[in-house]
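Asker: predicted model and sequence follow; I will ask about them next.
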Amino acid sequence: LSTIYCTLTRVGMNLKHVQKLASERKLLVHAGFIHCISQYPAHYLVTLNEVSKDNRTYACMWGRAFHGEQVEKHNPFVRKERFSVLGAMALDEGIIATQVIEGSFTHELFLRFLRDDLV
């Protein structure tokens, strides 16, 4: 998700804009995609998902306070302890490949995962 968020931010999009685009999607284009993808058997389709975890993942990012007062937060301060997990799942076999690294996935690491672990 962090890679998708960074990419959207880099091109100047935010969550509100993406939600608006999704609500305005064209049904004919969507139907065309479904028609095109339906020519492949289900076992040809593989989904990928990347997630990351650090000690701040479940920390509350917003708080409430009375007007004029600061919000007091007690979150762990963590530096450079981030793990990323990339998994591939097929409909007929379940999870078929995974990789866990310290840090974030780069373009080169993603391509290596596709080449070495998935294919």
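Answerer: Sure thing, it's come through.

Asker: just the buried residues of stretch 107-119, please?
Answerer: Using 16 or more other C-beta atoms under 10 Å as the test for burial, stretch 107-119 gives Phe113. All C-beta atoms are positioned from the backbone trio N, CA, C, and that covers glycine.

Asker: just the endpoints, please. Distance across it?
Answerer: 17 Å (C-alpha to C-alpha, to the nearest Å).

Asker: so where do the helices sit in the protein?
Answerer: 2-10, 15-23, 27-37, 107-112 (DSSP state H).

Asker: can you list these in JSON lines and add distance to Met89 and mean pLDDT?
Answerer: Below are the helices of the chain laid out as JSON lines (distance: least, C-beta to C-beta, whole Å; pLDDT from 0 to 100):
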{"stretch": "helix 2-10", "distance to Met89": "18", "mean pLDDT": "78"}
{"stretch": "helix 15-23", "distance to Met89": "23", "mean pLDDT": "82"}
{"stretch": "helix 27-37", "distance to Met89": "16", "mean pLDDT": "89"}
{"stretch": "helix 107-112", "distance to Met89": "16", "mean pLDDT": "92"}
